[in-house]
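Undergrad: Provided below for reference: sequence and predicted model.
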Amino acid sequence: MSEEPNVLALINRSATERLQVSINSYKDKKYLDMRIYFTTDDGMNWNPTKKGVTVSPDHLVEFKDAIEAAIAELCPDSDAE
């Protein structure tokens with residue numbers, strides 16, 4: 001049985017949809033998982049969709065660089081570096 005995900009962020013997209021960013025394990029390997037979840041019962045239960053992406057640890061630095069480039073272009077007044 002796989003261990004519970006380590007949820008890093010929950011980003012609401014609407015009242016019934018959110019993006020969950022978490023560290024998940026599969027076959028004893030850990031991955032960054034970003035997946036859309038939905039609810040049909042006012043947030044009592046959240047269910048994953050097929051909409052998402054999984055990033056292996058080997059690609060996290062490239063992913064971080066892409067996010068930083070996006071922040072620089074889309075949020076030029078941000079203090080993020």
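TA: Great, that's in hand. Numbers count the residues shown, from 1 in each chain.

Undergrad: tell me where the protein has helices.
TA: Secondary structure of the chain, counting by DSSP state H: helices at 60-74.

Undergrad: which intervals of it have sub-threshold pLDDT?
TA: Residues of the chain that meet the criterion pLDDT under 70 lie in 1-2, 79-81.

Undergrad: tell me where this protein has strands.
TA: Assigned by DSSP state E, the strands in the chain fall at 6-12, 17-26, 29-38, 47-55.

Undergrad: just checking: what are the partner strands of the shortest one?
TA: Using DSSP bridges, the strands paired with strand 6-12 are strand 17-26 (antiparallel).

Undergrad: same check, this time on the third one
TA: Strand 29-38 pairs in its sheet with strand 17-26 (antiparallel), strand 47-55 (antiparallel), by DSSP bridges.

Undergrad: ranking those by burial, who's on top?
TA: Neighbour counts (mean count of other CB atoms under 10 Å) averaged over each of those peak at strand 17-26, with a mean of 16. (C-beta placed from N, C-alpha, C; glycine too.)

Undergrad: hang on, the earlier thing: and the strands of the chain as CSV, adding distance to D65?
TA: Shown next, in CSV, are these (distance: least, CB to CB, whole Å):
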stretch, distance to D65
strand 6-12, 18
strand 17-26, 17
strand 29-38, 14
strand 47-55, 12
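
Undergrad: so which of those strands comes closest to S78?
TA: The minimum distance between S78 and those falls on strand 6-12, with 16.4 Å, by CB to CB.

Undergrad: quick one: contacts for the nearest residue to L19 once chain neighbours are set aside?
TA: Spatial nearest neighbour of L19, chain neighbours left out: I11 (4.3 Å); criterion: CB to CB, 6 or more residues apart in numbering. The contact partners of I11, taken as CB atoms under 8 Å, 6 or more residues apart in numbering, are 18-21.

Undergrad: same thing with Q20?
TA: Counting by CB under 8 Å, 6+ apart, Q20 makes contact with 5, 7, 9-11, 33-37, 46, 48.

Undergrad: buried subset of those, written for ChimeraX?
TA: The buried residues among the contacts of Q20 can be selected in ChimeraX (16 or more other CB atoms under 10 Å) with this line:
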select :5,33,34,35,36,37
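
Undergrad: what's stretch 54-73 in contact with?
TA: Residues outside stretch 54-73 that contact it (CB under 8 Å, 6+ apart): 24, 29-34, 78, 80-81.

Undergrad: many thanks, we can stop here.
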